[in-house]
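Asker: Need a 3D model of the following:
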Amino acid sequence: MKVHLIAIGGSAMHNMAIAMHKKGFVVTGSDDEILEPSKSRLAKYNLLPGKIGWNENAIHKGLDAVILGMHARADNPELLKAQELGLKIYSYPEYIYEQTKDKIRVVVGGSHGKTTITAMILHVLNYHKIDCDYLVGAQLEGFDTMVKLTKEARIAVIEGDEYLSSPIDRRPKFHLYKPTIAILSGIAWDHINVFPTFENYVEQFKIFINLIEQGGSLIYCELDKEVKKVCEAAREDIKKFPYAIPAHKIENGITILINFQSNIRNQKLSVFGNHNLMNLEGARLACNQINVTDEMFLNAIESFTGASKRLELIKQNGRTAVYKDFAHSPSKLKATTQAVKNQFPNRKLIACMELHTFSSLNEDFLKEYEGSMELADEAIVYFNPHTIEHKKLKVITEAQVMKAFGGNNIKVYTNAKVLLEDVLKMNFENKNLLMMSSGNFDGIDFKELGEKVVK
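Answerer: Just a heads-up that it's a prediction; the model follows:
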């Protein structure tokens, strides 16, 4: 098989290129910009394009498939030539389905928790040496790539993103995977540049559920009222498995599952928070569907430390802990803040978030953040006015942001350097620091920050 990837430097795209190379395909690709770690990882497998930029000569009739990344535009010269030659053009989710259509597909959907649930399932399968293909949205410990495609594996575990598939395929990615087993973790309005109303956003999840294979399974969080509503209305042939927060206790900052089953011991966990506990339940039920028993699951999950950037511990000592989290939506901010407060009830919490996504920087969406950080003892909100300008959004002010979040514990910054200086002046004795963003606060080194705070 000869395959060419347009926009090979993307996070999922470069991992897919490596996965197909390992499968024995002849892989080429191009991009107008390839950054780290994509650059080094492609170079390691001799997949790095010899020249940066688009190259029409790379498109020819000898190609079996062209895979189009979201970073490319609809007028991309390579894409136009592929269309002119009548080549088969796939979005990457479309091609993932093409490679896994004869397997049991476990697809994890939801506005939040997707990466963590997918990572938990993969951790358990890896622990028990159960082979599977996969697509996951973060680099996981013990896994070489974020995508794996093989001939042999009978199971594929796929993180199902609701964002668009490609510049010429406006379907949400998770509409293309057609699950055998679907998981739905939560519905909280996001991507308002694509889904302008909440109702339109919810409709995408209804479509996702309707695409479950005949007689398939649906595992869903019944504590989310929107999820419960759409899942209970699903087709009668679909087997439904609701889940909630499992019984647990917290001792000395460690979460322990209790009374799970009479014949299974109480189980210590390396992760914490109601959000993670719900994710764990979803992962457990999915594993049950592929013949992993509860005892097998619990034996494996004890060593799961979390997916990258998902409530990730950066540094700690006996009095202070520094965490970072990918949280950016209002519901996730609230859940993550609550998780850290509940885990360390005797410590104060400094919670800091960055408005970075299209939705979060939208003037009309800001009001959705009201009360989302009220559990923090001190809450800091940062945004960069240049990011707003780059995204061609209407200007927002510090006063607007403060009013939108509400509460007397809010401080707003528009300069990352000043923010960092002020944080490092704080006394962190018996306090925790939580940094939340889908970006990096314009270049903050989280590891260095963590070391300075606990020092």
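
Asker: For stretch 333-351, give me every contacting residue.
Answerer: Contacts to stretch 333-351, defined as C-beta atoms under 8 Å, 6 or more residues apart in numbering, come from residues 112, 250, 253, 255, 272-276, 311, 319-321, 323, 325, 327, 353, 369, 371-373, 375-380, 423, 426, 428, 430-434, 436. The C-beta positions use only the backbone N, C-alpha and C, and glycine is treated the same way.

Asker: May I see the buried residues of stretch 219-234?
Answerer: 219-221, 224, 226-228, 230-231, 234 (16 or more other C-beta atoms under 10 Å).

Asker: Now do it, average pLDDT.
Answerer: For stretch 219-234, mean pLDDT rounds to 97.

Asker: Quick check: end-to-end length of that stretch?
Answerer: One end of stretch 219-234 to the other measures 12 Å (C-alpha to C-alpha, to the nearest Å).

Asker: returning to that earlier point: restricted to strands, list the buried residues of stretch 219-234.
Answerer: Counting by DSSP state E, the part of those found in strands is 219-221.

Asker: Could I get those in TSV, plus columns for distance to Lys2?
Answerer: Formatted as TSV, those follow (distance: C-beta to C-beta, whole Å):
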residue	distance to Lys2
Ile219	38
Tyr220	41
Cys221	43
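
Asker: closest to Asn210 among those?
Answerer: Closest approach to Asn210 among those (C-beta to C-beta): Tyr220, at 14.0 Å.

Asker: Who are the contact partners of that closest one?
Answerer: Contact partners of Tyr220, counting by C-beta under 8 Å, 6+ apart, are 183-185, 227-228, 231, 240-243, 282.

Asker: Against which helices or strands is the helix ranked longest in the chain packed?
Answerer: Assignment by DSSP state H gives helix 274-289 as the longest helix of the chain. The helices and strands touching helix 274-289, judged by 3 or more C-beta pairs under 8 Å, 6 or more residues apart in numbering; DSSP states H and E, are strand 104-109, helix 114-127, strand 181-184, strand 217-221, strand 239-243, helix 294-301, helix 330-343.

Asker: how distant is the last one from the center of its chain?
Answerer: The chain centre lies 17 Å from the centre of helix 330-343; the measure is C-alpha atoms, centre = their mean, to the nearest Å.

Asker: Mind checking the pLDDT average for that helix?
Answerer: 91.

Asker: What residues sit buried inside that helix?
Answerer: Buried residues in helix 330-343, counted by 16+ other C-beta under 10 Å: 330-341, 343.

Asker: Helix or strand: which one has the residue lying closest to Lys452 once chain neighbours are set aside?
Answerer: Using C-beta to C-beta, 6 or more residues apart in numbering and skipping residues adjacent in sequence, the residue nearest Lys452 is Leu424, 5.8 Å away. Using DSSP states H and E, Leu424 falls within helix 416-425.

Asker: Just the C-alphas of that helix, formatted as CSV.
Answerer: Taking C-alpha atoms only, helix 416-425 is exported to CSV below (Å, rounded to 0.1, in the frame of the first residue of the first chain):
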residue,chain,number,x,y,z
ALA,A,416,2.0,35.8,31.3
LYS,A,417,5.3,37.1,32.6
VAL,A,418,3.6,39.3,35.3
LEU,A,419,1.3,36.3,36.2
LEU,A,420,4.3,34.0,36.7
GLU,A,421,6.2,36.6,38.8
ASP,A,422,3.1,37.1,41.0
VAL,A,423,2.5,33.4,41.5
LEU,A,424,6.1,32.8,42.5
LYS,A,425,5.8,35.6,45.1
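
Asker: So for it, what gets flagged as buried?
Answerer: For helix 416-425, the neighbour count (16+ other C-beta under 10 Å) marks 416, 419-420, 423 as buried.

Asker: same thing with stretch 7-26?
Answerer: Neighbour-count burial for stretch 7-26 [16+ other C-beta under 10 Å]: 7-23, 25.

Asker: which residues touch the helix or strand just after the helix holding Leu424?
Answerer: Next helix or strand after helix 416-425 toward the C-terminus (DSSP H and E): strand 431-436. Residues outside strand 431-436 that contact it (C-beta under 8 Å, 6+ apart): 314, 320-328, 332-333, 336-337, 340, 344, 347-354, 376-377, 423, 441, 444, 446, 449-450, 453.

Asker: again with stretch 397-405
Answerer: With contact meaning C-beta under 8 Å, 6+ apart, stretch 397-405 is reached by 355, 363, 366-367, 369-373, 379, 381, 383, 410, 412, 414.

Asker: Mind checking which of those residues land in strands?
Answerer: Secondary structure defined by DSSP E assigns 379, 381, 410, 412 of the contacts of stretch 397-405 to strands.

Asker: Isn't the first one up against Lys411?
Answerer: In other words, Ala379. Yes. Between Ala379 and Lys411 there is a contact under C-beta atoms under 8 Å: 7.2 Å.

Asker: When those two are compared, which one has more neighbours?
Answerer: Ala379 (24 against 14; other C-beta atoms under 10 Å).

Asker: Bridge partners for that one, pull those for me.
Answerer: Ala379 has these beta-bridge partners by DSSP bridges: Ala351, Ile410.

Asker: what sits against it?
Answerer: Going by C-beta under 8 Å, 6+ apart, Ala379 touches 351-353, 373, 405, 407, 409-411.

Asker: Generate CSV for those residues, with pLDDT and distance to Asn210 as supplementary columns.
Answerer: CSV is the format used below for those (pLDDT from 0 to 100; distance: C-beta to C-beta, whole Å):
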residue, pLDDT, distance to Asn210
Ala351, 97, 38
Cys352, 97, 40
Met353, 95, 35
Met373, 94, 36
Phe405, 94, 37
Gly407, 74, 40
Asn409, 87, 43
Ile410, 93, 41
Lys411, 95, 45
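
Asker: Show me how to select, in ChimeraX, the buried members of those.
Answerer: Selection of buried members from the contacts of Ala379 for ChimeraX, criterion 16+ other C-beta under 10 Å:
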select :351,352,353,373,405,409,410
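
Asker: So which of the contacts of Ala379 is the closest to Leu87?
Answerer: Closest to Leu87, out of all of the contacts of Ala379 and judged by C-beta to C-beta, is Met353, at 44.0 Å.
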